[in-house]
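>>> Quick check, what structure comes out for this input:
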Amino acid sequence: MVLLVEQSGGVALVTLNRPQALNALSVELRARLAESVAALAAEESVRAIVLTGAGRGFCAGLDLKEMGVSVEALSGATATDARRNPVAAIEACPKPVIAAVNGVAVTGGFELALACDILIASERARFADTHARVGLLPGWGLSQKLSRLIGPYRAKEMTLSGAFIDARTAESWGLVNRVVPEGDLLGAALKLAAEIALAPPPMAAAHKKLIDDGYKLAFGEGLALERAVSRAANSAITPAAIADSRGEVLARGRRDG
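Numbers count the residues shown, from 1 in each chain. Below is the predicted model:
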């Protein structure tokens, strides 16, 4: 199996399972990932998803060996449909997706990680954009996302050099939420997913969408979007519902404390 899916307590763990190829995104793996993410998005019992890779790599990007002999594989570099473009598959998911980056995340694999909502990296994680080195231009959004996340100078450094940056550098540049010891990675990601799973699914989806939609806009337009969405959604909330929610939050706080 090129993809493994496990479910427990509202959390789904999705593992790219081509360790011998550093989980390179073959045509088959991309199709299976799209199918599985769409199925999990429709599964009511699943409230959060963790994406990771088997073995010593998160994802080495598109399968270059396959691209050298297959027009279908090569066309995936600029595909927009979810079956061929894993970034589109992840971004179409309304549920929060956490990337547990366990090793190298290269080019298309780097883009796949950045498509997730939260990134937790092990100390062994490394990131690189090698599009220029292999003679390709990015088609899954990397040229625009990277510069907005870390600034144009650092983005150009990564893209033009193709050099790897380590997990701590990625953390200091704002590419990942945090770095944890290798043995703690999956536990940390699953624990966070379980905490996220406590939120009502419609609320989690609404907040995720509001942040994503607003991020694509200028700041003033983003504020206007928030006001419009908030006004429409909050007008249906009753004082009794707020009181019930406050009680649940306080109870949880006492348990966690």
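
>>> any idea of the pLDDT on residue 122?
At residue 122, the pLDDT value in this model is 98.

>>> That one: how many residues sit nearby?
Residues lying near residue 122 (other C-beta atoms under 10 Å) number 22. All C-beta atoms are positioned from the backbone trio N, CA, C, and that covers glycine.

>>> isn't there a helix covering residue 58?
No - counting by DSSP: H, G, I helix; E, B strand; the rest coil, residue 58 falls outside a helix, being strand.

>>> Which pLDDT does the model give residue 125?
98.

>>> you'd agree it is up against residue 99?
No - Residue 125 is beyond contact range of residue 99, at 9.7 Å (criterion: C-beta atoms under 8 Å).

>>> Domain map for this structure?
3-196, 217-256 (automatic domain parsing).

>>> Please report how far residue 187 lies from residue 50.
11 Å (C-beta to C-beta, to the nearest Å).

>>> For these two, indicate the residue with more neighbours.
Neighbours per residue, other C-beta under 10 Å: of residue 187 and residue 50, the larger number sits with residue 50, 25 against 11.

>>> Return the residues in contact with the more buried one.
With contacts defined as C-beta atoms under 8 Å, 6 or more residues apart in numbering, residue 50 is in contact with 11, 12, 13, 14, 97, 98, 99, 100, 186, 189, 190, 193.

>>> Just the ones of those residues in helices?
186, 189, 190, 193 (DSSP state H).

>>> Pull out the buried residues from those.
Using 16 or more other C-beta atoms under 10 Å as the burial test, these include 186, 189, 190, 193 as buried.

>>> Surely the first one touches residue 52?
Which is residue 186. Yes - at 6.6 Å, residue 186 counts as touching residue 52 under the criterion of C-beta under 8 Å.

>>> tell me, what's touching those two both at once?
Joint contacts of residue 186 and residue 52 (C-beta under 8 Å, 6+ apart) are 13, 100, 102.

>>> Scan these and report the most crowded one.
Neighbour counts for those (other C-beta under 10 Å) peak at residue 100, which has 29 neighbours.

>>> per-residue confidence at it?
pLDDT, residue 100: 98.

>>> what do you get for residue 218?
95.

>>> Now do it against residue 167, distance only.
For residue 218, the distance to residue 167 - C-beta to C-beta - is 32 Å.

>>> Common neighbours of residue 125 and residue 99, please.
The contact sets of residue 125 and residue 99 overlap at residue 58 (C-beta under 8 Å, 6+ apart).

>>> quick one, which of these two is more surrounded?
Shown here are residue 125 and residue 99; by other C-beta under 10 Å, residue 125 has more neighbours (31 against 28).
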